[in-house]
Structures are given as C-alpha cells and as structure tokens.
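Trainee: Return a 3D structure for these sequence lines:
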Amino acid sequence: MITQADIEAATDMQYLGPTYFASKRIVDAALEKLEPDAFKDIAKPFVDAVYEKIQSAVESSILFDAEQNIQGQVQDAIDGAINALLSGDEWALRQYVTHERHNRLAPKIREAVARLLPDHIMAGRVADLEKEVERLNEQLRFARSFL
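Mentor: Predicted coordinates for the structure are as follows:
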C-alpha cells in the first residue's frame, strides 16, 4: 500500500512517515467519490440531538437566572417594607397599618402589633429614649454654659 511517492513525500519530514502519506492518499481518493451531502442524513439526528440538549441547557439557565432575579427583587421589596414598618416610616405605616381602604387587614395588623409587642422591646425603646434625653440635656447644658 505504501508507494514510492509516499516514501518520497516523507523524506524531508521529521515526524510524518510514509504511512501518513499513504493513509492520506487513500482517504483523499475515497472522499473524492462521495457527494458533498453524503453524511448529512447520517449526521442530522446527532446534530439535532446535540442542538436540543444545548438549547434546553441554555433555556434552563436563562429561566433559573430570571427566577433568581425575581426572587431577589421580591425578597428585597418585602425586606424594605418590613424595615420601613419597623423603623416607623410614615408611608409604610399609612400603607400597611392605618389605611383601611387599601388594606383590609389593617385592623388585624394593629391588633397583632399591640398584642405581640414584647415588653423587652418596649423597655429597650424606653432606654433608647432616656439616652437621647440625656444627650439632649448635655447639649443644652453645654449651650447654656456660653450664656
């Protein structure tokens, strides 16, 4: 199978020997007889299956990202509303606690807050206010010292 032409082609090659050139010659001759679309029908099911797998993976990834983004936005909105309520932001109190027209649960929310507000939270708030009064008294004493 190795011809003199294969041996001569490999003479100046450091790594490619006559067997490479013989196999290349045989494959080139076989492929010359094939039509350009000869493997199209054979490869199509494989190509379609690979395409479907890639498309499914990309769609799943996009949907997962969208789900995570929406979940994050909803969680941020809920946390923002809770923080606004707990910090006494007027808009949040109007919207969720005192505005019965848009929030039919407002009476129940007020009842729950009044019933469940632990004594230690109220005591902590009193302590915070006492510190604030002391700070303000100190500022007042300092200001009066210049009069």
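Trainee: Tell me which helix or strand in this protein has the weakest average pLDDT.
Mentor: In the chain, no helix or strand scores lower on mean pLDDT, DSSP states H and E than helix 106-116, which sits at a mean of 75.
Trainee: what's next to stretch 33-51, contact-wise?
Mentor: Applying CB atoms under 8 Å, 6 or more residues apart in numbering, stretch 33-51 turns out to have no external contacts. For the C-beta atoms, the positions are set from N, CA and C on the backbone; glycine is no exception.
Trainee: which SS state does F146 fall under?
Mentor: coil (DSSP: H, G, I helix; E, B strand; the rest coil).
Trainee: any idea how far it is from Q139?
Mentor: 12 Å (CB to CB, to the nearest Å).
Trainee: rewinding a little: for the least confident helix or strand of the chain, buried residues please.
Mentor: For helix 106-116, the neighbour count (16 or more other CB atoms under 10 Å) marks A106 as buried.
Trainee: chain center to that helix: distance?
Mentor: In terms of CA atoms, centre = their mean, to the nearest Å, the centre of helix 106-116 is found 36 Å from the chain centre.
Trainee: still on that earlier bit, of F146 and Q139, which one has the most company?
Mentor: Q139 (10 against 5; other CB atoms under 10 Å).
Trainee: pLDDT at that one, what is it?
Mentor: For Q139, the pLDDT comes out at 95.
Trainee: start at 51 instead
Mentor: Shifting the count to begin at 51 puts that one at Q189.
Trainee: So it, which state does it fall into?
Mentor: helix.
Trainee: and what of R154?
Mentor: R154 is classified as coil under three-state DSSP.
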